[in-house]
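J.: Attaching a predicted model along with its sequence, questions to come.
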Amino acid sequence: MHEGVPAYLAQLLRAQYGEETAERIAQGYAAQRVVTLRANPLKTDAQTVRERLAAQDIETSPVPWYADAMIVRGAREDALTGLDLYERGEIYLQSLSSMIPPLLLGAKPGENVLDMAAAPGGKTTQIAALTGNQAMVTACEMNKIRAERLRYNVQRQGATRVTVMNIDSRNLDDLFSFDRILLDAPCSGSGTVQLGSPRSKGQFSREFLSRTTKQQEALLHKALRLLRPGCEMIYSTCSVLAQENEEIVSRVLRKTGALIVPLELAAFDSVPRLPVSIPGTLCVAPDELHEGFFVAKIRRMK
């Protein structure tokens with residue numbers, strides 16, 4: 001395996017996936033990930049964005065499963081953050097993998113939606129855009145500084161029906177109830193590793209994973225208490241480790257009687273995948289275009 005992969009992470013990947021797939025993941029870590037973004041339909045449209053980027057000699061290509069998303073060729077993030085398009089909230093720089101959970105959540109106009117760990121706001125504002133600002137979105141962030149950044153992004157993106165709460169969503173009153181919940185849980189970041197990049201994130205130790213998985217399990221239990229019976233939620237992480245993904249989901253399902261809703265993935269044939277132990281869930285493999293990401297849809301039954 002690539003020598004830059006943290007030793008404990010390499011050990012976990014080999015144990016879970018075997019040598020061949022673990023090496024494939026390591027190659028994904030070594031790839032230079034391209035910049036991706038989505039047009040914000042609350043303020044503009046994708047064709048206008050493409051034309052205005054082309055006028056700046058910034059080439060883009062489409063994403064087959066999301067009309068508002070695009071891949072940027074030959075330009076890095078700093079070339080985009082200085083544009084008026086960015087400053088006015090007409091585009092949002094976001095990884096392709098992180099765009100998948102809001103799409104699969106399927107929130108509809110008129111619904112009450114909770115984003116449990118919302119900062120910096122990519123998925124929150126995407127939900128607002130997908131529902132045409134017609135869903136009522138509550139976005140929670142426990143860190144004060146990150147909550148302020150969330151508020152800034154929500155305002156800039158024109159997401160007018162989002163309420164930001166500076167709170168640990170585990171502390172929400174159980175009297176709240178929601179039609180849809182997105183829990184993009186804090187995790188190790190094992191899907192986001194970029195070897196050689198100073199911005200690469202991830203913490204990999206037995207102790208850290210133990211703390212994180214306890215938090216993830218508590219958050220998922222809380223989500224199912226806040227979700228209305230018969231309604232559906234998304235559990236996602238930017239991790240490729242079963243400890244943070246299938247194992248969390250399986251334990252909580254056994255304790256709550258909630259059920260997996262198989263994801264409709266026909267549109268995502270171009271997305272590289274890793275094997276999963278729960279049929280109907282998705283684990284995206286890291287590569288040049290994608291971060292590693294896990295997604296499961298869950299229905300509360302009672």
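T.: Looks like it arrived, so ask away.

J.: Helices of this protein, residue ranges please.
T.: For the chain, helices defined by DSSP state H occupy the ranges 7-17, 19-30, 46-55, 77-81, 84-87, 96-105, 122-130, 144-156, 206-226, 246-256.

J.: which one of these is the most hemmed in?
T.: helix 122-130 (a mean of 25; mean count of other C-beta atoms under 10 Å). No exception for glycine: its C-beta is placed from N, CA and C like everyone else's.

J.: tell me the average confidence for that helix?
T.: Averaging pLDDT along helix 122-130 gives 98.

J.: what comes into contact with that helix?
T.: With C-beta atoms under 8 Å, 6 or more residues apart in numbering as the test, helix 122-130 has contacts from 38, 40-42, 68, 92, 94, 98-99, 101-103, 105, 107, 113, 115, 118, 135, 137, 139, 150, 153-154, 157, 159-162, 182, 184.

J.: Need the buried ones from those selected in PyMOL.
T.: Applying 16 or more other C-beta atoms under 10 Å to the contacts of helix 122-130, the buried members can be selected in PyMOL as follows:
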select buried, resi 38+40+41+42+68+92+94+98+99+101+102+103+105+107+113+115+118+135+137+139+150+153+154+157+159+161+162+182+184
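
J.: Show me the contacts of helix 122-130 that map onto strands.
T.: 38, 68, 92, 113, 115, 137, 139, 162, 182, 184 (DSSP state E).

J.: Mind picking the two most distant members of the residues you listed?
T.: Taking C-beta to C-beta, the two most distant members of the ones in strands among the contacts of helix 122-130 are D68 and A139; they sit 19.7 Å apart.

J.: re earlier: K214: which of the ones in strands among the contacts of helix 122-130 is nearest?
T.: Distances from K214 to the ones in strands among the contacts of helix 122-130, taken by C-beta to C-beta, are shortest for D184, at 17.4 Å.

J.: ok, the residue nearest to that closest one when sequence neighbours are not counted to E90 distance?
T.: Take D184 and drop its neighbours on the chain: the residue closest to it by C-beta to C-beta, 6 or more residues apart in numbering is S236, 4.8 Å away. S236 sits 26 Å away from E90, going by C-beta to C-beta, to the nearest Å.

J.: Looking at these two, which is more packed in?
T.: Neighbour count, other C-beta atoms under 10 Å: between S236 and E90, S236 has more, with 27 against 22.
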